[in-house]
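> Provided below are the primary sequence and the corresponding predicted coordinates.
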Amino acid sequence: MISTAVKDLAAEALFVSYLQPSQSPSRVAVQEAITAMILRYGSDGCAAGVAEEFGHHPECAVQRMVWVHEELAEVPALRAPVLH
């Protein structure tokens, strides 16, 4: 099972990425953007970018975070396992 910390880091990284909902990015593009942002900013930098955006533009940040979580739900490596 993927830890909550990993899911949170992926969400923060995608949030601060260059990808936009209007682009309808592929799963590969989402995964590449997450990796690029983590390598570029690290976990603290990604978290700081999210905090800054929520502080300056909360109405837009909420919409973006909703999109981020929708995108991450489609990334196989980040999905919760299905229990039978």
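Cool, got the structure. Numbers count the residues shown, from 1 in each chain.

> for the longest helix along the chain, packing partners?
Secondary structure of the chain per DSSP state H: the longest helix is helix 27-56. With contacts taken as 3 or more CB pairs under 8 Å, 6 or more residues apart in numbering; DSSP states H and E, helix 27-56 sits against helix 4-15, helix 58-72. Bear in mind the C-beta positions are built from the backbone N, C-alpha and C, glycine included.

> Of all those, which one is nearest Gly45?
helix 4-15 (9.0 Å; CB to CB).

> Give me the distance from the closest one to the chain's centre.
5 Å (CA atoms, centre = their mean, to the nearest Å).

> Give me the buried positions along the longest helix of the chain.
Across helix 27-56, burial judged by 16 or more other CB atoms under 10 Å covers 30-31, 33-34, 37-38, 41, 46-47, 49-50, 53-54.

> Likewise for stretch 62-70?
64-65, 67-68.

> Just flag the most distant two among those.
So, the buried residues of stretch 62-70 by CB to CB: farthest apart are Met65 and Trp67, at 7.2 Å.

> nearest to Ala5, of the buried residues of stretch 62-70?
Val68 (15.9 Å).

> right, and the closest one touches Val16 too?
No - contact criterion CB atoms under 8 Å: Val68 and Val16 do not qualify, at 9.8 Å.

> Settle this for me: Ala47 is touching Glu12, isn't it.
Yes - the pair Ala47 and Glu12 passes the contact test of CB under 8 Å, sitting 5.3 Å apart.

> So for Ile38, what's the nearest residue that isn't a sequence neighbour?
The spatial neighbour of Ile38 that comes closest, neighbours along the chain excluded (CB to CB, 6 or more residues apart in numbering), is Ala13 at 4.9 Å.
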